[in-house]
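> here's my sequence, what's the structure:
(chains A and B)
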Amino acid sequence: MNKENTIYGQLMQSIRNKIISGELQIGDKIESERAMSEKYGINRMTVRNALKHLENEGVLESIRGSGTYVRKKPYVDGKLTMDRQHGVLSLSTQIRQKGMKSSRILISMNRTIPTGTIRDVYPDENEIYEIIRLSLINDNPYALQKVYIPCSLFNDAERFDFEEGSLYDYMQDKGYRPKTVISYLRIEELPEEYLKIMRSRKEKKYMLFDYYAYDGDQKLIEYTISYHHPAYTKFTFETEINLGG
Amino acid sequence: MKSDLYILREHHKDLSTTEMIRKTGHRIEIRILKQEIVEANHHISRQLNLPLASKLLYVERLIVVDGEARAFEKLYLNLNEIKGIENVNLDDRFFHDYLNKEKGINKLFNKEEVLIVKANETEKKMLDLDQEEEIILIKGIATTENDTPLEYYETAADTAFYRYRRVSSYE
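Numbering: from 1, shown residues only, chains lettered A, B, ... in the order given. Coordinates of the predicted model:
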């Protein structure tokens, strides 16, 4: 069984998360073994095992006669996980949860008549908003997103601050929420027009997600094309293969 | 430049890769390059949740479509769970058929991680790539309905060969 799936592994991750999020600071004393054992209803040896592993990692330090203290922040895998649970939504939340700095730059926002591929996506819309944003992790370009939302549903998007604010907060204000998202991943180079802003070079490959978000009434409320830097992206996927029988 | 044929990976799959490609009318050939019994090292034993040095069947195979090498695979098969597999044709159609008919396995569950990495020398040679080219690397574990790990695999392919489609629901 992988360590992460064991009880002590789960306790270790819980303590790590508290340190990363700031709930526990360096120098803080953590709860005693007995307190944790009672609180979580688990064996005291299991708690001791978890704390021992974290001491070995250098995250905690045990001082005889005093207690166990936070010594340093745990190593964080700096990749954002694109899996069934996290999907393509709420990247900034994931970034912050990993203790990294999340920021965004609004590149452009236009109200326009859909043409080409966007016309195929929104065949019945007279106008759409195109919102192009750059997401950064610790001030490094991580993802370039081109979001297309229909003006028939979101007719005052220019009043909203898409640099600071969440697209989904805006949608929710308007009474819409994505309930089903169909996403596609392929590997491609960045379009030349975005190389400079992403601080990249021509041959570099990116994870290109395009996704269609539908509300509870199966109405398409968002179409987004998103280029993700692979150094910051972990894409996981599950397949069920029917062998017959 | 490689052909524009690609494999779309989705959550539910009824056909093997070979069958999917054949249905498109393209020629596919699975070349088994190596097949030998090895002992699990630390990394592989952790992936398959097996003791160190467990016996595995190690297979290298090349997927060739219309005469072009598109993917190079390394498979580590759990001999403890699939005894006799070393005598089976490892084209995936036969492999799936064998698991179903001989071992009574009806479903396989694959969990994969997808990366973009620089091709190493072996991968460049196998896939006939230029210097410094990036590839898609898929690392996966196949398990049964009982969560028994059967196989760990690493698939290196040109970046245009695989795409993914996912449907997610939110509350």
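
> where does the residue of chain A positioned farthest from its centre sit: helix, strand or coil?
Note on chain A: the largest separation between a C-alpha and the mean C-alpha position, by CA atoms, centre = their mean, falls on residue A:65 (41.3 Å). Each residue gets one of three states, and residue A:65 gets coil by DSSP: H, G, I helix; E, B strand; the rest coil.

> so after the lowest-mean-pLDDT helix or strand in chain B, what's the next helix or strand?
Taking mean pLDDT, DSSP states H and E as the measure, strand B:12-13 is the helix or strand of chain B with the lowest mean score, a mean of 74. Downstream of strand B:12-13, the first helix or strand assigned by DSSP states H and E is helix B:17-23.

> if we look at the least confident helix or strand of chain B, which residues are touching it?
Residues outside strand B:12-13 that contact it (CB atoms under 8 Å, 6 or more residues apart in numbering or on different chains): A:239, A:240, A:241, A:242. For the C-beta atoms, the positions are set from N, CA and C on the backbone; glycine is no exception.

> any idea where the strands of the chain begin and end?
Assuming you mean chain A. Residue ranges of the strands in chain A, as given by DSSP state E, are A:60-63, A:67-70, A:80-82, A:102-112, A:128-137, A:140-150, A:180-189, A:205-214, A:220-228, A:233-242.

> chain B, not that one
Using DSSP E, the strands assigned to chain B run over residues B:7-9, B:12-13, B:28-39, B:55-65, B:68-78, B:107-118, B:134-143, B:149-158, B:162-169.

> okay, those strands in CSV with mean neighbour count next?
Written out in CSV, the entries for the strands of chain B read as follows (neighbours: other CB atoms under 10 Å in any protein chain shown):
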stretch, mean neighbour count
strand B:7-9, 16
strand B:12-13, 14
strand B:28-39, 13
strand B:55-65, 19
strand B:68-78, 22
strand B:107-118, 17
strand B:134-143, 20
strand B:149-158, 21
strand B:162-169, 17
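
> for residue A:68, name its beta-bridge partners.
According to DSSP bridges, the partner residues bridging residue A:68 are residue A:62.

> count of residues packed around residue A:199?
Burial measure for residue A:199: 9 neighbouring residues, criterion other CB atoms under 10 Å in any protein chain shown.

> that one touches residue A:142, doesn't it?
No. Assessed by CB atoms under 8 Å, residue A:199 is found out of contact with residue A:142, at 10.7 Å.

> quick one: residues contacting residue A:29.
By CB under 8 Å, 6+ apart, residue A:29 lies in contact with A:66, A:67, A:68, A:69.

> which bits of chain A sit near chain B?
Applying CB under 8 Å from any CB of the partner chain, one finds that chain A approaches chain B through A:1-2, A:84, A:87, A:89, A:177-188, A:203-207, A:230, A:234-245.

> check what pLDDT the closest residue to residue B:128 other than its chain neighbours gets.
If the residues on either side of it in the chain are set aside, residue B:128 comes closest to residue B:69, at 5.7 Å by CB to CB, 6 or more residues apart in numbering or on different chains. According to the per-residue confidence, residue B:69 scores 95 in pLDDT.

> next one: residue B:17
In this model, residue B:17 is scored at 75, pLDDT.

> what is the burial count for it?
A count of nearby residues for residue B:17, using other CB under 10 Å, gives 21.

> likewise residue B:101?
Number of residues near residue B:101 (other CB under 10 Å) recorded here: 12.

> try the one 4 residues further on
Under the neighbour criterion other CB under 10 Å, residue B:105 is assigned a count of 22.

> who's in contact with the closest residue to it other than its chain neighbours?
The shortest distance from residue B:105 to any residue other than its chain neighbours is 4.4 Å, reached at residue B:99 (CB to CB, 6+ apart). Contact analysis of residue B:99 by CB under 8 Å, 6+ apart lists A:243, B:82, B:105, B:108, B:150.

> of these, closest to residue B:120?
Comparing the contacts of residue B:99 against residue B:120 with CB to CB places residue B:150 closest, at 26.2 Å.

> go ahead and confirm the closest one touches residue B:80.
No. Using CB under 8 Å as the test, residue B:150 is too far from residue B:80 to be in contact (9.7 Å).

> ok, back up a step: generate a PyMOL selection restricted to the buried subset of the residues of chain A next to chain B.
Only the buried members of the residues of chain A next to chain B end up in this PyMOL selection, burial being decided by 16 or more other CB atoms under 10 Å in any protein chain shown:
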select buried, chain A and resi 87+89+178+179+181+183+185+186+187+205+206+207+230+234+235+236+237+239+241+243
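
> could you export the strands of chain A to a markdown table, including columns for mean pLDDT?
As requested, the strands of chain A are arranged in a markdown table below (pLDDT from 0 to 100):
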| stretch | mean pLDDT |
| --- | --- |
| strand A:60-63 | 92 |
| strand A:67-70 | 94 |
| strand A:80-82 | 72 |
| strand A:102-112 | 93 |
| strand A:128-137 | 94 |
| strand A:140-150 | 95 |
| strand A:180-189 | 94 |
| strand A:205-214 | 94 |
| strand A:220-228 | 96 |
| strand A:233-242 | 86 |
